[in-house]
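# sequence isn't available, so here's the structure alone:
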């Protein structure tokens, strides 16, 4: 079974992010594998161990993304591919990403493609479904369980706190939600093995693409941090007095009544 995972290198949102001139300052920032993509990598490894085949992790970006690819290899993936756009694409959006991935998969015999449900930096959740549409294969989003029985795939997906059960066929693309599994930490032997595993690097020319082919269709006007939360207010006195004061505050200050 040929299993592919779409991975994105993202900012670590648990670290402080600095914004200058409406852009995130990358110098000094911490980067990680998008957490939802870790669920995809872990599930791909488990499915390979159960059904055989190999897992290839694919990412788009610059040379810095090699670190995250090596981490995926240390987790247990077999191969990795970096589509290096550092010199060709100054800025991109979901259209750019899907156009590049569509070209990459044009000559691939992919049985299953896994991706994160969303990326924590932009949270559009568009890349997986849009890629599946371009490849003309079925897709299921926000999955929390997947079982493969021959050519049939049994899936459970999260639907606003409820569970929907779906049967599909291969080839298939799924996006992975929290609760699907518990991603493993790379072991020391895994880290050592990762150094010898294949890391292929491609550029747009290798995919028969030009810069104009992947030109972004959207424009980011401004990026800014949310306002700091104001300190809470503690109401004192008898319960009846607190209720009256709360109603007054909600009406006169918050203006929600």
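Done, it's in. This structure is a prediction, so every number in the text was calculated from the model and none was measured.
# make it CA atoms for all contacts and neighbour counts henceforth
Fine.
# which residues sit against stretch 238-250?
For stretch 238-250, contacts defined as CA atoms under 8 Å, 6 or more residues apart in numbering pick out 235, 236, 255, 256, 257.
# give the closest residue to the first one in space, chain neighbours not counted.
In this case it means residue 235. residue 242 (5.8 Å; CA to CA, 6 or more residues apart in numbering).
# so what's the residue count around the one you found?
Counted with other CA atoms under 10 Å, residues neighbouring residue 242 total 14.
# also residue 163?
13.
# buried residues in whatever helix or strand it lives in?
Counting by DSSP states H and E, the element that carries residue 163 is strand 162-169. Residues residue 169 are the ones in strand 162-169 that count as buried (16 or more other CA atoms under 10 Å).
# report all helices and strands that whatever helix or strand comes next after it contacts.
Using DSSP H and E, the helix or strand that follows strand 162-169 towards the C-terminus is strand 172-176. Helices and strands touching strand 172-176, as assessed by 3 or more CA pairs under 8 Å, 6 or more residues apart in numbering; DSSP states H and E, comprise helix 35-51, strand 112-116, helix 127-135, strand 139-149.
# closest one to residue 12 among the ones you listed?
helix 35-51 (9.2 Å; CA to CA).
# distance between that closest one and the chain's centre?
13 Å (CA atoms, centre = their mean, to the nearest Å).
# and it with strand 172-176, angle?
Counting by axes from the mean of the first three to the mean of the last three CA atoms, to 10 degrees, helix 35-51 lies at 130 degrees to strand 172-176.
# buried sites along helix 35-51?
Buried, per 16+ other CA under 10 Å, within helix 35-51: 35-45, 47-48.
# residues in contact with it: which ones?
Applying CA under 8 Å, 6+ apart, the contact partners of helix 35-51 are 1, 3-8, 54-55, 57, 72, 75-77, 114-120, 175-178, 180-184.
# what's the ChimeraX line that selects buried ones from these?
Here is the ChimeraX command that selects only those of those that count as buried (16+ other CA under 10 Å):
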select :3,4,5,6,7,8,54,55,57,72,75,76,77,114,115,116,117,118,119,120,175,176,177,178,180,181,183
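# from the contacts of helix 35-51, which land in helices?
With DSSP state H as the criterion, helices contain 72, 75 from among the contacts of helix 35-51.
# coming back round to it: shouldn't the residue nearest to residue 235 be within a helix?
Yes - according to DSSP: H, G, I helix; E, B strand; the rest coil, residue 242 belongs to a helix.
# confidence score at it?
If you check residue 242, the pLDDT there is 88.
# that one and residue 231: what is the separation?
Separation of residue 242 from residue 231 (CA to CA, to the nearest Å): 18 Å.
# then residue 73?
From residue 73 to residue 231 the distance is 45 Å (CA to CA).
# between these two, which is the more surrounded one?
Neighbours per residue, other CA under 10 Å: of residue 73 and residue 231, the larger number sits with residue 73, 28 against 6.
# can you give me phi and psi for the residue lying closest to the more buried one once chain neighbours are set aside?
In this structure, residue 73 finds its nearest non-sequential neighbour in residue 194, 5.1 Å apart by CA to CA, 6+ apart. Backbone geometry at residue 194, expressed as degrees, to the nearest 10, gives phi -60, psi -30.
# ok, residue 194 - contacts?
Residue 194 neighbours (CA under 8 Å, 6+ apart): 70, 71, 73, 74.
# so how far is stretch 137-148 off the chain centroid?
15 Å.
# again, but for stretch 207-223
Worked out by CA atoms, centre = their mean, stretch 207-223 lies 19 Å from the chain centre.
# sort out which residues of that stretch are buried, please.
Quick answer for stretch 207-223 (16+ other CA under 10 Å): 207, 214, 215, 216.
# related to what we said a few turns ago, pLDDT for the buried residues of helix 35-51 - can I get that in JSON lines?
Listed next are those as JSON lines, based on pLDDT from 0 to 100:
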{"residue": "35", "pLDDT": "94"}
{"residue": "36", "pLDDT": "95"}
{"residue": "37", "pLDDT": "96"}
{"residue": "38", "pLDDT": "96"}
{"residue": "39", "pLDDT": "97"}
{"residue": "40", "pLDDT": "97"}
{"residue": "41", "pLDDT": "97"}
{"residue": "42", "pLDDT": "97"}
{"residue": "43", "pLDDT": "97"}
{"residue": "44", "pLDDT": "97"}
{"residue": "45", "pLDDT": "97"}
{"residue": "47", "pLDDT": "97"}
{"residue": "48", "pLDDT": "97"}
